[in-house]
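1. Predicted structure and sequence below. I'll ask about it afterward.
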Amino acid sequence: MKKIFLATLLAFLVGHTFGQVDSRVEGNQFKINFITPGLVNELGISKRSTLRVEVATFFGFNLFSSSDSKDNFAVFPVYDGQYRYYHNLQRRSLSGKNVTGNSADFFGFQANYISPNPLFGKFQPNFWDIIILGNLAGFEIIFFGPTYGFQRTFTSGLNVELQFSVGYLSINQKSTREESNNIYKGIGPNLSFGVGWVIGNKKKL
């Protein structure tokens, strides 16, 4: 009876210890994004919280413009910063689910900026591309507000995340580098889906 009690106690202590370790965010996670090609660095600032910085690219293309147009394609820079709090890390860990690579659900705050100035190429927004495809390349887009989403990192390194935000949204059409026309300013949504690859060794805080 005594041996059974000691074995049970030891199993509980080992399981509790590993649960505490596994339920912390990664100390520093570096990722390459595929859908909007770019680099992401997520830095752990506490057991459950991270600061995430992304520098990515956004493609502008016109499907409904004339074939002889020279303003059909360009690449624009995207800058994104987020504070994330992973609220169910410990629950996922204790239930035996994967929490590696910050695989959990989160809420936080997001700030996003899409520049209207291309890194290369020439692009002139086309009315039908905007209406039919929702293509807003070539516009200056500013967003910030609360966000909620989830992230999953698989053992292979493949990373998938989805998040939805609602906050302040400003869409401006730049006529020149100095002048712009405001298209929309107010409350708006921001939905983002990402697929990427986590590289490097994963280290805990």
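-> Structure received.
2. in the protein, which spans are helices?
-> 2-22, 89-94, 127-128 (DSSP state H).
3. Comparing these by mean pLDDT, which bottoms out?
-> Lowest mean pLDDT of the helices of the chain: helix 2-22, a mean of 45.
4. Let me see the ranges of the strands in the chain.
-> 28-33, 38-44, 49-61, 72-86, 104-114, 120-123, 139-153, 158-174, 180-199 (DSSP state E).
5. neighbours of residue 167, just the number please.
-> 17 (other CB atoms under 10 Å). C-beta: built from backbone N, CA, C; applies to glycine.
6. With residue 173 instead?
-> Counted with other CB under 10 Å, residue 173 comes out at 15.
7. hang on, the earlier thing: the strands of the chain into TSV, with extra columns for mean pLDDT and distance to residue 95?
-> Converted to TSV, the strands of the chain look like this (pLDDT from 0 to 100; distance: least, CB to CB, whole Å):
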stretch	mean pLDDT	distance to residue 95
strand 28-33	95	22
strand 38-44	96	22
strand 49-61	91	21
strand 72-86	92	15
strand 104-114	96	12
strand 120-123	77	48
strand 139-153	94	15
strand 158-174	92	20
strand 180-199	89	22
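8. list the buried ones in stretch 44-51?
-> 44, 48, 50 (16 or more other CB atoms under 10 Å).
9. then it to CSV, C-alphas only?
-> Extracted in CSV, the C-alpha atoms of stretch 44-51 (Å, rounded to 0.1, in the frame of the first residue of the first chain):
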residue,chain,number,x,y,z
GLY,A,44,8.0,35.8,-24.7
ILE,A,45,7.7,38.5,-22.1
SER,A,46,6.0,36.4,-19.4
LYS,A,47,4.7,32.8,-18.9
ARG,A,48,1.7,33.5,-21.0
SER,A,49,2.4,36.7,-22.9
THR,A,50,4.4,37.6,-26.1
LEU,A,51,5.2,40.5,-28.3
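10. please begin residue numbering at 40 from this point
-> Sounds good: first residue 40 from here, last item stretch 83-90.
11. Contacts for that stretch next, please.
-> 62-68, 81-82, 120-126, 128, 141, 244 (CB atoms under 8 Å, 6 or more residues apart in numbering).
12. could you redo the last one with a cut-off of 6 Å?
-> Residues outside stretch 83-90 that contact it (CB atoms under 6 Å, 6 or more residues apart in numbering) are 63, 64, 65, 66, 81, 82, 123, 124, 125, 244.
13. partner residues bridging the closest residue to residue 145 other than its chain neighbours?
-> Leaving aside its chain neighbours, residue 145 sits nearest to residue 123 (4.3 Å; criterion: CB to CB, 6 or more residues apart in numbering). Going by DSSP bridges, residue 123 is paired in beta bridges with residue 89, residue 147.
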